[in-house]
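Student: Next comes the sequence, and after it the predicted model I'd like to discuss.
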Amino acid sequence: MIGYVTLGTNDLPRAAVFYDAIAAELDTPRMMEFDGFIAWGKEGDAAGIGLTKPFDGNAASVGNGVMVALAAKDKDQVQRLYDIALANGGTCEGPPGSRGEGFYAGYFRDPDGNKLNAFVMGPAAA
């Protein structure tokens, strides 16, 4: 159902370092790039992420209650994504761990404060 997600940034070069590192772990390249905008994804695959300076020229801000969830292949990849996020300017919102039966996730924010998580569900979460 979701085609892509766009997040705002006030510093595109700084944010690009963060998302390039996350995308590399997920084997997801930059698929589109314009002045003030970068998108990561694979054509014909699951939803990607776009990063942009707001079109209206105002400062980017985070949405309260908004989060982007990144599907990982297993618990080890959840840990790697969490570690990559923190090593590239992200901050912890909850270290990787079980969040109930059949759900394992780690939560973090990007350098602009946008909230993300990396997760696995089902047998991979055991």
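Tutor: Cool, got the structure.
Student: show me the contacts for the residue nearest to Ala125 when sequence neighbours are not counted.
Tutor: Leaving aside its chain neighbours, Ala125 sits nearest to Tyr104 (3.9 Å; criterion: CB to CB, 6 or more residues apart in numbering). For every residue, glycine as well, the C-beta is placed using N, CA and C. Residues near Tyr104 by CB atoms under 8 Å, 6 or more residues apart in numbering: 75, 78, 96-98, 119-121, 124-125.
Student: Tell me which of those fall in helices.
Tutor: With DSSP state H as the criterion, helices contain 75, 78 from among the contacts of Tyr104.
Student: possible to save the contacts of Tyr104 as a markdown table with neighbour count and distance to Asp110?
Tutor: Shown next, in a markdown table, are the contacts of Tyr104 (neighbours: other CB atoms under 10 Å; distance: CB to CB, whole Å):
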| residue | neighbour count | distance to Asp110 |
| --- | --- | --- |
| Lys75 | 20 | 22 |
| Val78 | 24 | 17 |
| Pro96 | 24 | 17 |
| Gly97 | 12 | 21 |
| Ser98 | 12 | 24 |
| Phe119 | 21 | 16 |
| Val120 | 21 | 21 |
| Met121 | 13 | 23 |
| Ala124 | 16 | 24 |
| Ala125 | 19 | 24 |
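Student: circling back to that earlier point, can you tell me who the residue nearest to Ala125 pairs with across the strands?
Tutor: Ser98, Val120 (DSSP bridges).
Student: Let me know the pLDDT of it.
Tutor: pLDDT recorded at Tyr104 is 97.
Student: will you turn the contacts of Tyr104 into TSV that also has distance to Met31?
Tutor: Formatted as TSV, those follow (distance: CB to CB, whole Å):
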residue	distance to Met31
Lys75	28
Val78	24
Pro96	27
Gly97	32
Ser98	33
Phe119	23
Val120	24
Met121	26
Ala124	26
Ala125	29
